[in-house]
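In: let me see the structure of the following:
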Amino acid sequence: MDGETGITVWCVSYFDVASTAPLHPVARQALTAALDEGWADPARLYRSGRQARMLLDAARETVAEVLGARADEISFTASGTQAVQLGMLGALKGNRRRGNHLVHSAVEHSSVLHVAEQHLAGGGEVSAVPVDRLGRADPAQYPLRENTALAVLQTANHEVGTLQPVEEVAARCAAAGVPLLVDAAQSAGRLPVPAGWSLLAASAHKWGGPAGVGVLAVRKGVRYASPLPADERERGRVPGYVNVPAIVAAAASLRAVHAEAERENARLHALVERIRTQVAQLVPEVEVVGDPVNRLPHLVTFSCLYVDGEVLLGELDRAGFAVSSGSSCTSSTLTPSHVLAAMGVLTEGNVRVSLPYGVDEADVDRFLAILPGLVADVRAPLGLDLPTAPARTDSLVIDALGKLCPLPVIELAKRIGEVAPGGTVAVLADDEAARLDIPAWCGMRSQEYLGEAPAADYGADRGFAYLVKRIS
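Out: Numbers count the residues shown, from 1 in each chain. This next block holds a predicted model:
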């Protein structure tokens with residue numbers, strides 16, 4: 001409460017830079033200056049136009065230097081998503097004589113998946129490379145064929161922070177003559193850019209630049225044909241008028257973040273390690289996901305059993321913490337996160353914490369102090385602390401049809417005690433997340449998952465039966 005005004009002052013700890021980072025102070029300064037100096041059309045030859053062109057060229061040089069590219073390989077787009085999609089479509093079109101096979105990891109950003117869906121619908125071939133439980137793709141699993149026109153791999157996963165083996169995949173692509181597009185949105189400016197890419201995409205608002213600026217880099221010699229009508233700007237790759245002030249601010253902030261990265265990354269890595277360790281100790285029945293070692297320095301994701309992620313995020317927001325969920329498994333949708341699903345980990349109660357540069361350690365400590373209580377409060381109405389009925393049968397059918405996650409798992413947890421050890425439980429559910437969360441629950445609770453069966457075997461007209469054997 002402010003003593004002078006009587007107004008409650010709400011202090012929010014922003015822990016969601018994986019979605020978008022606050023505007024870096026250097027970006028703010030550069031943007032203000034460029035609004036005065038770089039407002040004119042950089043394609044014009046009069047003085048103000050030439051001045052805008054010089055600012056644009058300098059920004060391009062800066063971005064190229066940080067990303068390990070040549071200035072004439074850099075084009076600016078309206079977003080990271082546009083950079084990814086133009087890069088993919090242009091590379092597929094440029095390599096159409098080679099073939100129409102596209103390969104990407106199963107945990108790529110939705111911008112990649114949407115292009116893949118369109119490519120498949122247009123008669124192309126698509127292969128999605130599976131990942132392990134840490135979210136890492138195996139380079140040996142990339143199916144590079146004679147008709148493979150493009151491979152795609154992110155530098156780091158946007159939901160769980162796992163670093164991908166980009167250089168190993170790039171080496172295999174180079175040997176096969178296949179271009180590799182690398183989505184560096186989550187790592188650009190923070191970590192060195194892996195070698196070997198053919199095309200690269202990044203997004204300014206992820207590193208503290210202004211929204212509305214993406215970067216598409218295309219190496220010299222890579223076959224690329226614009227999928228859009230011809231335009232004289234940005235080397236014909238991106239049509240439309242460029243936002244010079246925003247690009248200048250993006251370049252300035254990228255240079256500043258890159259200069260701070262080594263020192264700040266070490267600090268953020270230690271804070272994330274504290275969260276990874278203490279969340280597992282403080283919150284019962286929680287799974288911390290993603291690679292514990294080869295990961296982004298600022299991001300950690302964990303999933304809580306028996307918790308609706310949307311509800312937990314709301315409680316954290318009321319407590320003054322802005323976080324997000326890597327899972328879209330909420331009360332408003334039946335679709336779980338494709339990343340968590342591909343990893344085979346728990347999708348319910350998912351929380352992604354991504355720390356900004358300069359975050360106060362006290363904010364992290366406060367987050368860890370309040371989190372256990374909030375999770376307990378969300379779980380309390382479920383009655384999971386009540387004793388279960390005594391075991392009296394060797395088999396049980398639980399009808400969870402029509403119930404969204406995490407309710408099928410909650411029903412299983414509450415009633416499995418009715419079955420004697422060695423007995424089986426069939427959970428009938430039509431929520432797609434149950435296929436992921438019931439096996440994950442069995443792994444966390446040392447029960448045996450037996451697989452799934454048609455729900456019709458149990459008299460139901462929809463859904464599936466998920467079978468669990470009680471071990472103890």
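In: what's the longest strand in the chain?
Out: strand 419-429 (DSSP state E).
In: after that one, next one along is what?
Out: Heading C-terminal from strand 419-429, the first helix or strand you meet, by DSSP states H and E, is helix 434-445.
In: ok, then the element right after that next one?
Out: Taking DSSP H and E, what comes next after helix 434-445 is strand 448-454.
In: list the buried residues of that next one.
Out: Glu452 (16 or more other Cβ atoms under 10 Å). Using the backbone N, CA and C atoms, a C-beta is placed for each residue, glycine as well.
In: stretch 24-32 now?
Out: Buried, per 16+ other Cβ under 10 Å, within stretch 24-32: 24, 26-28, 30-31.
In: what's next to the longest strand of the chain, contact-wise?
Out: 391-401, 403, 408, 411-412, 415-416, 434, 438, 450, 453, 455, 458, 460, 463-472 (Cβ atoms under 8 Å, 6 or more residues apart in numbering).
In: and with 6 Å instead?
Out: 391, 393-401, 408, 412, 416, 455, 458, 460, 463, 465-470, 472 (Cβ atoms under 6 Å, 6 or more residues apart in numbering).
In: repeat for stretch 169-178
Out: Residues outside stretch 169-178 that contact it (Cβ under 6 Å, 6+ apart) are 139, 142, 144, 148, 151, 153, 180, 196.
In: would you quantify the distance from Trp135 to Gly290?
Out: Just to correct that, residue 135 is Gly rather than Trp. Per Cβ to Cβ, to the nearest Å, Gly135 is found 6 Å from Gly290.
In: now the common contact residues for the two.
Out: With Cβ under 6 Å, 6+ apart, Gly135 and Gly290 have common neighbours 160, 162.
In: give me the most central residue, this protein.
Out: His158 (2.3 Å; Cα atoms, centre = their mean).
In: state the mean pLDDT of the longest strand of the chain.
Out: Per-residue pLDDT over strand 419-429 has a mean of 92.
In: for stretch 341-350, same thing?
Out: In this model, stretch 341-350 carries a mean pLDDT of 88.
In: what do you get for stretch 177-186?
Out: Averaging pLDDT along stretch 177-186 yields 98.
In: send me that stretch as PDB with only the CA atoms.
Out: Provided in PDB are the C-alpha atoms of stretch 177-186 (Å, rounded to 0.1, in the frame of the first residue of the first chain):
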ATOM      1  CA  GLY A 177      23.900 -31.900 -49.500                       C
ATOM      2  CA  VAL A 178      20.800 -31.000 -47.600                       C
ATOM      3  CA  PRO A 179      20.300 -27.400 -46.400                       C
ATOM      4  CA  LEU A 180      19.600 -27.000 -42.600                       C
ATOM      5  CA  LEU A 181      17.400 -24.200 -41.300                       C
ATOM      6  CA  VAL A 182      18.200 -23.400 -37.600                       C
ATOM      7  CA  ASP A 183      15.600 -21.700 -35.400                       C
ATOM      8  CA  ALA A 184      17.700 -19.700 -33.000                       C
ATOM      9  CA  ALA A 185      14.900 -17.600 -31.500                       C
ATOM     10  CA  GLN A 186      15.500 -18.800 -27.900                       C
END
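In: quick check: buried residues in it?
Out: Quick answer for stretch 177-186 (16+ other Cβ under 10 Å): 178-186.
In: can you check what angle separates the longest strand of the chain from helix 434-445?
Out: With axes from the mean of the first three to the mean of the last three Cα atoms, to 10 degrees applied, the angle from strand 419-429 to helix 434-445 works out at 160 degrees.
In: can I assume Leu150 sits in a strand?
Out: Yes - counting by DSSP: H, G, I helix; E, B strand; the rest coil, Leu150 falls inside a strand.
In: how far away is the nearest residue to it once chain neighbours are set aside from Tyr142?
Out: Leaving out its chain neighbours, the residue that sits closest to Leu150 by Cβ to Cβ, 6 or more residues apart in numbering is Ala91, at 4.7 Å. According to Cβ to Cβ, Ala91 and Tyr142 sit 16 Å apart.
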